[in-house]
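S.K.: Structure for the following, please:
(one chain, ligands or ions: 2)
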Amino acid sequence: MVLRILVQKFGGTSVATPERRAQVAKKIAEAISEGFAPVVVVSAIGRTGDPYATDTFLNMVKNICPDLPKRELDLLMSCGEVISGAVMASTLECLGYKATLLTGGQAGIITNDNFGDARIVRVEPKTILDHLAAGKIVVVTGFQGVTEDNQVTTLGRGGSDTTAAALGVALDAEAIDIYTDVEGIMTADPRIVEDAQILDTVTYNEICQLAHQGAKVIHPRAVEIAMQRNIPLRIKSTFSDAPGTLVTSVQPDRGAGTDIVSDRMITGIAHSPNVTQIRVSTVDVPDVRQAHKKIFKAMALADISVDFISVQPEAVLYTVRDEIAGKAVQILQNMNFSPEVVRNCAKVSVVGAGIAGVPGVMAALVEALTDSGVSILQSADSHTTIWVLVHQDDMVTAVQALHRKFMHQMP
Ligand code: ADP
Ligand code: MG
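M.R.: Ligands and ions are numbered 1, 2, ... in the order given. Got it, this is the predicted structure:
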């Protein structure tokens, strides 16, 4: 018998209460009645502060010992998903279904040993397939795997999305459904832009860009994995029957083929807070080229990832995450530079495959921000994205102004 496998991933808010878990069970029941063998991936219950949220576990041990080794931390961080998986499996059993709960390792997810942010290197799907063939619903704990020598690892931020995508590919699923607390991928975060629109279909590339720029509705790594095998991804709400967003390589009205750029010029506006801008003047430096080299080498050696880089003869500008800014500044000062620092900035991005080379896009962006009283601290652009750095206090205003300008006033 050929199994029609559907991966269904449920985020932390979707499994937080008995009522919500009943909704989850309903989505699983619907999949079964449509003839699918569901593989259910769950995240830890709730968000920061909730009793079984991953952050809560972390704080518990941080209060005792601030630097527990990463291997031990990963074992702890994997517990939230085990708890929610058990709760979900119980919910299904109690409704009369047969469910099997598997940890990431038991489900055959093998990762490298980069604890805290491990990469999946391969998936051995046999165990899942055996349980599916026996008519079970397989519940897999998201966000985790094991190394070749059986050490539990976690997959970093958005890790359950990655689990779902990797299982979808390994099991050759018909689709990967990402259930969350919004009705799909929208033109901006609906928490910031009230009239953000749902995107019915987007290409893998479009959503990848948006996700990389901070739209946390799906993790970009998950999109990249699903894209490798062209498995359709759907982002839907656990709490409604809306069709959600379909992510594929083609626009349905354009026929099959390559990753066709859609008609729309702008896909959406994304934002990413908590960055610090660092400016290192090289005006009085005798050998500017050596200075450029030394600055970036020092950041690399300290494992500090830099973004928004602009190298000019008189200064070097870049951003780092707020929490690492102190360390970056210390390093620069130790090298006898006097960095100027603007803390609490945010990166706001206009993403759209259609913006390349279109006259007036930058003018419209600058106009929208200026008219709203937002100062642009820095900007950069690529083929599909324009980024601006703004003070974090201006972030919401900036996102709203750009959304108004690009989603309502320009075509
Ligand atoms: P889950 O716990 O289900 O994984 P997340 O919190 O990771 O949920 O992602 C869903 C959230 O992503 C939404 O509540 C929404 O606030 C946010 N979000 C940010 N950008 C977007 C966007 N462009 N479209 C939809 N949601 C977005
Ligand atoms: Mg998420």
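S.K.: what stretches of the stretch 251-400 of the chain score poorly on pLDDT?
M.R.: Along the stretch 251-400 of the chain, the parts satisfying pLDDT under 70 run over 251-263.
S.K.: give me the residue from it nearest ligand 1.
M.R.: G268 (5.4 Å; CB to the nearest ligand atom). The way it works is simple: take the backbone N, C-alpha and C, and place the C-beta from them, glycine included.
S.K.: Surely G326 is within a strand?
M.R.: No - if the criterion is DSSP: H, G, I helix; E, B strand; the rest coil, then G326 is helix and not within a strand.
S.K.: how many neighbours does it have?
M.R.: Applying other CB atoms under 10 Å, we find 13 residues neighbouring G326.
S.K.: re earlier: the spatially closest residue to the residue of the stretch 251-400 of the chain closest to ligand 1 that is not a sequence neighbour: neighbour count?
M.R.: In space, not counting the residues next to it along the chain, G268 is nearest to T187; the distance is 4.2 Å by CB to CB, 6 or more residues apart in numbering. Counted by other CB under 10 Å, the residues lying close to T187 total 24.
S.K.: Got phi/psi on T187?
M.R.: In terms of degrees, to the nearest 10, the main-chain angles of T187 are phi -70, psi -10.
S.K.: What separation is there between the residue nearest the centre of the chain and T162?
M.R.: Residue closest to the average C-alpha location in the chain (CA atoms, centre = their mean): H219, at 2.5 Å. For H219, the distance to T162 equals 6 Å [CB to CB, to the nearest Å].
S.K.: now I128
M.R.: 16 Å.
S.K.: neighbour count winner among those two?
M.R.: Set I128 next to T162 and count neighbours by other CB under 10 Å: T162 wins out with 30 against 25.
S.K.: That one: which element?
M.R.: Following DSSP states H and E, one finds T162 within helix 159-170.
S.K.: Render the CA-only coordinates of the very next helix or strand once past that helix in PDB, please.
M.R.: Using DSSP H and E, the helix or strand that follows helix 159-170 in sequence is strand 175-180. Coordinates of the C-alpha atoms in strand 175-180 are reproduced here as PDB (Å, rounded to 0.1, in the frame of the first residue of the first chain):
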ATOM      1  CA  ALA A 175       2.800  18.500   1.500                       C
ATOM      2  CA  ILE A 176       4.200  20.100   4.600                       C
ATOM      3  CA  ASP A 177       1.500  22.000   6.600                       C
ATOM      4  CA  ILE A 178       2.800  24.600   9.000                       C
ATOM      5  CA  TYR A 179       0.000  25.400  11.400                       C
ATOM      6  CA  THR A 180       0.300  28.600  13.500                       C
END
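S.K.: How about the backbone phi and psi for E93?
M.R.: phi -60, psi -40.
S.K.: Tell me which residues touch it, please.
M.R.: E93 makes contact with A99 under the criterion CB atoms under 8 Å, 6 or more residues apart in numbering.
S.K.: Could you do V341 as well?
M.R.: V341 makes contacts with 276-279, 325, 329, as judged by CB under 8 Å, 6+ apart.
S.K.: Show me how to select, in ChimeraX, the buried members of those residues.
M.R.: The ChimeraX selection below is limited to those of these classed as buried (16 or more other CB atoms under 10 Å):
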select :276,277,278,279,325,329
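S.K.: Rebuild the contacts of V341 as TSV, extending it with distance to ligand 1 and secondary structure.
M.R.: Shown next, in TSV, are these (distance: CB to the nearest ligand atom, whole Å; DSSP: H, G, I helix; E, B strand; the rest coil):
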residue	distance to ligand 1	secondary structure
T276	22	strand
Q277	23	strand
I278	27	strand
R279	29	strand
A325	24	helix
V329	30	helix
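S.K.: Could you identify the most distant pair in the contacts of V341?
M.R.: By the measure CB to CB, R279 and A325 form the most distant pair in the contacts of V341, at 12.3 Å.
S.K.: And the residue nearest to G268, how far from K347?
M.R.: 18 Å.
S.K.: same question, R289
M.R.: 28 Å.
S.K.: More neighbours: which of these two?
M.R.: K347 (25 against 11).
S.K.: Spatially nearest residue to the more buried one (excluding sequence neighbours)?
M.R.: S272 (4.7 Å).
S.K.: what are the ranges of the helices in the stretch 1-150 of the chain?
M.R.: Ranges of helices in the stretch 1-150 of the chain, per DSSP state H, counting those that start in this stretch, are 18-33, 54-62, 70-77, 79-94, 126-133.
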